[in-house]
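In: Mind folding the following:
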Amino acid sequence: MNRVLTLFFCSAIALAVLSACERDDICPPDIPTTPLLVVGFYDIQNQDELKAVPRLRVVGAGQNSTVPTFSDRTDQRTVNLPLKTNEQSTEFFFIRESASDSSGAETGNIDNIQFTYQTNQVFVSRGCGYAVNYSSLDAIQNPGQNDPDSWISALLVEQQQISNQDTVHVKIFH
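Out: From the prediction side, this is the model:
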């Protein structure tokens, strides 16, 4: 009888412990969260044709490292860039033919673009939390500067709403 009571008591405790456990709320990688800004580089002469930027490097303003969403100093036709979710603008330095001299200083042709936008939080799920979508996207080349050596000829915001990264949002012509 003592054995049966002990077994019943242990089973009841195990059942209570297991029923109190919550399932893990993990965000699966295939669930879309905050989208990246998709920038495409196009030929200024043939504006429907993608044109690679040689040895492209992209650095966020105020950052000490390059954007990690693509291979640094490689020829790129499109790049995905993270926008700040807690601010209304993000600025990037786009460096064409990026290289370093013997002292480590950048020798490539640098243009900067400031992206301004509104942020909208969207609840995804308990495991994924909230995502941020962007609206009213605008782009300004070399804000407050007159750069006679600019390699970017023109900008075109294709989509002002950013809720996915399936298409190009901004076209840069060079």
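In: make it CA atoms for all contacts and neighbour counts henceforth
Out: Fine.
In: Can you name the next helix or strand after the one helix or strand in the chain whose mean pLDDT sits lowest?
Out: Ranked by mean pLDDT, DSSP states H and E, the weakest helix or strand in the chain is helix 2-20, scoring a mean of 61. Counting by DSSP states H and E, the next helix or strand C-terminal to helix 2-20 is strand 37-42.
In: Spatially, what comes nearest to the residue positioned nearest the centre of the chain if we skip its sequence neighbours?
Out: Nearest residue to the geometric centre of the chain (CA atoms, centre = their mean): residue 82, 2.3 Å. In this structure, residue 82 finds its nearest non-sequential neighbour in residue 36, 4.9 Å apart by CA to CA, 6 or more residues apart in numbering.
In: isn't residue 26 right up against residue 129?
Out: No: taking contacts as CA atoms under 8 Å, residue 26 lies outside contact range of residue 129: 9.9 Å.
In: In terms of neighbours, single out the busier of those two.
Out: For residue 26 versus residue 129, neighbours defined as other CA atoms under 10 Å are more numerous around residue 129 (14 against 11).
In: Pretty sure that one sits against residue 32.
Out: No: using CA under 8 Å, residue 129 makes no contact with residue 32, being 11.3 Å away.
In: Show me which residues of the longest strand seen in the chain are buried.
Out: Secondary structure of the chain per DSSP state E: the longest strand is strand 109-125. The neighbour-count check on strand 109-125 (16 or more other CA atoms under 10 Å) flags 109-119, 124 as buried.
In: burial count for residue 153?
Out: 11.
In: Tell me the bridge partners for residue 133.
Out: Counting by DSSP bridges, residue 133 is bridged to residue 120.
In: Spit out the contact partners of it.
Out: Residue 133 makes contact with 34-35, 119-122, 161-163, according to CA atoms under 8 Å, 6 or more residues apart in numbering.
In: cutoff 6 Å now
Out: By CA atoms under 6 Å, 6 or more residues apart in numbering, the residues touching residue 133 are 119-120, 162-163.
In: Tell me the spacing between it and residue 43.
Out: 29 Å (CA to CA, to the nearest Å).
In: before we move on, the earlier item: dump the buried residues of strand 109-125 into CSV; add distance to residue 63 and pLDDT as well.
Out: Listed next are the buried residues of strand 109-125 as CSV, based on distance: CA to CA, whole Å; pLDDT from 0 to 100:
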residue, distance to residue 63, pLDDT
109, 18, 95
110, 15, 95
111, 16, 96
112, 13, 95
113, 15, 97
114, 14, 97
115, 16, 98
116, 18, 98
117, 20, 98
118, 22, 98
119, 21, 97
124, 29, 90
